[in-house]
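K.L.:
give me a model of this one.
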Amino acid sequence: MSCTGRRLLPITAVTIVAVGSQVSPPTARADLHNITYRARIDALTTGSQATFVITGGQTNTTNLPSMPGNVFEANTVLPDPQQAGLRIVLHFPYSANVHCEMDVDDSVFTQADQLVKPAPGSADPNNGALACGAPVPG
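P.N.:
Model prediction:
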């Protein structure tokens, strides 16, 4: 191989690598994740609510079943499972063991079980609340 051929070899290799990188497909967007929220209250209560993140930082609030042991379930799709959050609220005079769970792509992501006992006349926004996952806006 001549001296000229040896000098052109590195330039040719760099050119092939540069062209090859431009032909490769673009990087895929972030995957969406299936989020399942579950809430269960193990005592008779009325007026209990669950608030959960749906999309774009928006939330949805629903009344929970008043009969003990009935499971509330809701589904949404989020680009980042770290955005998912669920907040369960009981109102005085009711207290109960509360189960809060979030599944991401059919695997348990986070869960909490706690006795929730609201204090009468409290102005604390977290009075009677159990949260799991990201903080729920609003």
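K.L.:
where along this structure do the strands fall?
P.N.:
Per DSSP state E, the chain carries strands over the ranges 33-41, 49-53, 59-63, 71-78, 85-89, 96-104, 107-116, 129-133.
K.L.:
the closest residue to residue 44 other than its chain neighbours: neighbour count?
P.N.:
Leaving aside its sequence neighbours, residue 44 sits nearest to residue 68 (C-beta to C-beta, 6 or more residues apart in numbering; 5.7 Å). (Glycine included, C-beta is placed from N, CA and C.) By other C-beta atoms under 10 Å, 13 other residues sit near residue 68.
K.L.:
distance check, residue 68 against residue 98.
P.N.:
11 Å (C-beta to C-beta, to the nearest Å).
K.L.:
identify the contacts common to the two.
P.N.:
Shared contacts of residue 68 and residue 98 (C-beta atoms under 8 Å, 6 or more residues apart in numbering): 41, 42.
K.L.:
so which of the strands of the chain is the most packed in?
P.N.:
Most buried of those, by mean neighbour count (mean count of other C-beta atoms under 10 Å): strand 85-89, with a mean of 24.
K.L.:
quick one: least confident helix or strand in this structure?
P.N.:
Ranking every helix and strand in the chain by mean pLDDT, DSSP states H and E puts helix 3-23 at the bottom, with a mean of 49.
K.L.:
low-confidence ranges in this protein?
P.N.:
In the predicted model of the chain, residues 1-30, 138 satisfy pLDDT under 70.
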